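*Asks:* After the sequence you'll find the predicted model.
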Amino acid sequence: MKSVMKFTMVATVLILCISCKDKEKNSEENKSQIQKEVTAKDILGNPDYLAISYGGYREVTREIQPTLEELKEDMRILSAMGIKIVRTYNVQLQQASNVLKAIAELQQEDPEFEMYVMLGAWIDCKNAWTELEPDHNIESENNEAEIARAVALANQYPEIVKILAVGNEAMVRWATSYYVQPGVILKWVTHLQELKEKGELSKDLWITSSDDFSSWGGGDSSYHTEDLEKLVSAVDYISMHTYAYHNSHYNPEFWLVPDEEEELSDIEKIDAAMLRSKAFAMAQYDSVTNYVKSLDMDKPIHIGETGWATVSSGHYGPKGSRATDEYKEALYHKHLREWTNSAGISCFYFEAFNEKWKDARNQSGSENHFGLFTLDGQAKYALWDLVDQGTFKGLTRNGNTITKTYDGDKEALMKDVLAPPLKKERVVTH
């Protein structure tokens, strides 16, 4: 009897072990299947999939590319703060392909690691970035190869690349060095959609172009062309940019302190101005929405770029609009995340880390300081709370642990924070 009982117990244990292993196997297979089924439609507008714009360049020139280990270092940092979609800008250089490789390796090391990519293909006009006069009516001969490289990468990493963006601010006319007509973007978006229909690209890959709100019909009516209407119809969604920060100089009506707020404290003036900045972004979003509705179309609209710089020696500094500091950046980041998360809008916040190549001759130029992190990995004020929570524990950038800017001294930080000019001051100076 004892031997029978012993055999029965052993058999029961074996059955349980096999059952557990089967459950684990099924769970892993189910998890793998779920991961494979994640599409752009699932992640765009989903607050569980926060998005950010990413370059990762450390030096004053892009000729020095970030290494694979540096890219993996950055992906770990972004993942820790809840980012699950990163946006890249071109495939001419190694950065984008190496970002994809870095993510793939991180997923091999840890199957729980989840990160997707909005892959950008850069589009130029003829003679862009040369000594010759740009011809905005003819596209660059380099565009075809750029699109081909993007297609190859999307097919090489279909589990990571979920969005392909044709051009970055490639239609807006103030991009005087390189902009093209909407027909050029339409040509390549149509080409990519045809590849999807033929099965030469994933049918779930979403195609867009990422451009200024005005290029998407939200501003000057001169942009309202037949080709733009066709482009709106052709893309899977609209990726629009909005920058209250730049408009604090170029279109300052919303930014300047109105007469009725003159008696407020400086901090109250700043807080009010940042709420107006949020309203400015929302108004530009609505303007694009209204244009699309006027075409009797229904397209998802997400924010491909918006951000706030923390240093400026030019238009946005103490002698200009006074928009620039870490306190204002933190408020803008908070306001935009709250709005877009609640509204089901993806916001590719610009940007993850400072990059110093963008204004290589002027290291105090605002373009170098849009990051939520400094070059050496210090978290700016917008992320101080995450440092306090231990979010970045054990992570480094360039060998540095993630610490706070200003050594975490808010009083020191606030000494660099200025209230916007009064409206009547601006009237007097002009």
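*Replies:* On my side now, so go ahead. Numbers count the residues shown, from 1 in each chain.

*Asks:* which is the next helix or strand following the worst-scoring helix or strand of the chain on mean pLDDT?
*Replies:* Sorting the helices and strands of the chain by mean pLDDT, DSSP states H and E puts helix 2-37 at the bottom, at a mean of 48. The helix or strand immediately downstream of helix 2-37 is helix 40-43, counting by DSSP states H and E.

*Asks:* Paired strands for whatever helix or strand comes next after that next one, with orientation please.
*Replies:* Where DSSP H and E defines the elements, the next helix or strand beyond helix 40-43 is strand 50-53. Paired strands of strand 50-53, with direction, are strand 83-87 (parallel), strand 347-350 (parallel) (DSSP bridges).

*Asks:* Not counting the first one itself, show me its contacts.
*Replies:* The set of residues external to strand 83-87 that reach it, using CB atoms under 8 Å, 6 or more residues apart in numbering, is 43, 48-54, 75, 78, 99, 114-118, 120, 162-163, 165, 210, 304, 346, 348, 352. (C-beta placed from N, C-alpha, C; glycine too.)

*Asks:* and if you look at stretch 317-324?
*Replies:* 245, 248-249, 252, 255, 308-312, 314-316, 366, 369, 418-421.

*Asks:* Likewise for stretch 220-227?
*Replies:* Contacts for stretch 220-227 (CB under 8 Å, 6+ apart): 171, 181, 182, 183, 186, 214, 215, 217, 291.

*Asks:* In helices, which of those fall?
*Replies:* 182, 183, 186, 291 (DSSP state H).

*Asks:* which two from these end up farthest apart in space?
*Replies:* Using CB to CB, these span at most 18.1 Å, a distance reached by 183 and 291.

*Asks:* More neighbours: these two, which one.
*Replies:* Taking neighbours as other CB atoms under 10 Å, residue 183 and residue 291 compare with residue 291 leading, 23 against 16.

*Asks:* Tell me how far the closest residue to that one other than its chain neighbours lies from residue 179.
*Replies:* Sequence neighbours aside, residue 217 is the residue nearest to residue 291 in space, at 3.4 Å (criterion: CB to CB, 6 or more residues apart in numbering). Note on residue 217: its distance to residue 179, by CB to CB, to the nearest Å, is 16 Å.

*Asks:* Looking at those two now, which is surrounded by more residues?
*Replies:* Taking neighbours as other CB under 10 Å, residue 217 and residue 179 compare with residue 217 leading, 25 against 22.

*Asks:* Surely the more buried one and residue 240 touch.
*Replies:* No: judged on CB atoms under 8 Å, residue 217 makes no contact with residue 240 at a distance of 9.6 Å.

*Asks:* hey, what's in contact with both of the two?
*Replies:* residue 288.

*Asks:* Could you point out which residue ranges in the stretch 301-430 of the chain have low pLDDT?
*Replies:* 427-430 (pLDDT under 70).

*Asks:* all helices of it, in order?
*Replies:* Assigned by DSSP state H, counting those that start in this stretch, the helices in the stretch 301-430 of the chain fall at 326-343, 384-388, 410-414, 423-429.

*Asks:* Buried residues, the longest one. List them.
*Replies:* For helix 326-343, a neighbour-count test (16 or more other CB atoms under 10 Å) marks 326-333, 335-337, 339-341 as buried.

*Asks:* With the second one instead?
*Replies:* By 16+ other CB under 10 Å, the buried positions in helix 384-388 come out as 384, 386, 387.

*Asks:* do you know how far the last one is from residue 407?
*Replies:* For residue 387, the distance to residue 407 under the criterion CB to CB works out to 12 Å.

*Asks:* May I see the buried residues of helix 384-388 organised as JSON lines, with distance to residue 154 added?
*Replies:* Output for those, formatted as JSON lines (distance: CB to CB, whole Å):
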{"residue": "384", "distance to residue 154": "37"}
{"residue": "386", "distance to residue 154": "32"}
{"residue": "387", "distance to residue 154": "36"}
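
*Asks:* which secondary structure element contains residue 204?
*Replies:* Going by DSSP H and E, residue 204 is not in any helix or strand.

*Asks:* Got phi/psi on it?
*Replies:* Main-chain torsions, residue 204, degrees, to the nearest 10: phi -90, psi -10.

*Asks:* I'd like to know how many residues surround the closest residue to it other than its chain neighbours.
*Replies:* Of all residues not flanking residue 204 in the chain, residue 39 sits nearest, at 4.1 Å (CB to CB, 6+ apart). By the criterion of other CB under 10 Å, residue 39 has 16 neighbours.

*Asks:* And the pLDDT at residue 39?
*Replies:* Residue 39 is assigned 97 on the pLDDT scale.

*Asks:* Hmm, residue 162 and it touching each other?
*Replies:* Yes: with contact defined as CB under 8 Å, residue 39 counts as touching residue 162 (6.4 Å).

*Asks:* Which neighbours do the two have in common?
*Replies:* With CB under 8 Å, 6+ apart as the test, residue 39 and residue 162 both reach 204, 206.

*Asks:* Do you have the helices of the stretch 51-200 of the chain handy? List them.
*Replies:* Under DSSP H, counting those that start in this stretch, the stretch 51-200 of the chain gives helices at 68-80, 94-109, 143-156, 182-198.

*Asks:* gap between the longest one and the chain center?
*Replies:* Relative to its chain's centre, helix 182-198 lies at 23 Å (CA atoms, centre = their mean, to the nearest Å).

*Asks:* Begin at 198 from now on, thanks
*Replies:* Right, with 198 as the first residue, what we last looked at is helix 379-395.

*Asks:* For it, buried residues please.
*Replies:* 379-387, 389-390, 392-393.

*Asks:* any chance of those residues in CSV, plus pLDDT and distance to residue 595?
*Replies:* Shown next, in CSV, are the buried residues of helix 379-395 (pLDDT from 0 to 100; distance: CB to CB, whole Å):
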residue, pLDDT, distance to residue 595
379, 98, 41
380, 98, 44
381, 98, 39
382, 98, 37
383, 98, 42
384, 98, 41
385, 99, 37
386, 99, 38
387, 98, 43
389, 99, 37
390, 98, 41
392, 98, 39
393, 98, 40
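
*Asks:* Out of these, flag the one nearest to residue 577.
*Replies:* After measuring the buried residues of helix 379-395 against residue 577 - CB to CB - the closest member comes out as residue 382, at 33.8 Å.

*Asks:* gap between that closest one and residue 459?
*Replies:* For residue 382 relative to residue 459 (CB to CB), the value is 46 Å.

*Asks:* Same check on residue 293?
*Replies:* Counting by CB to CB, the gap from residue 293 to residue 459 is 49 Å.
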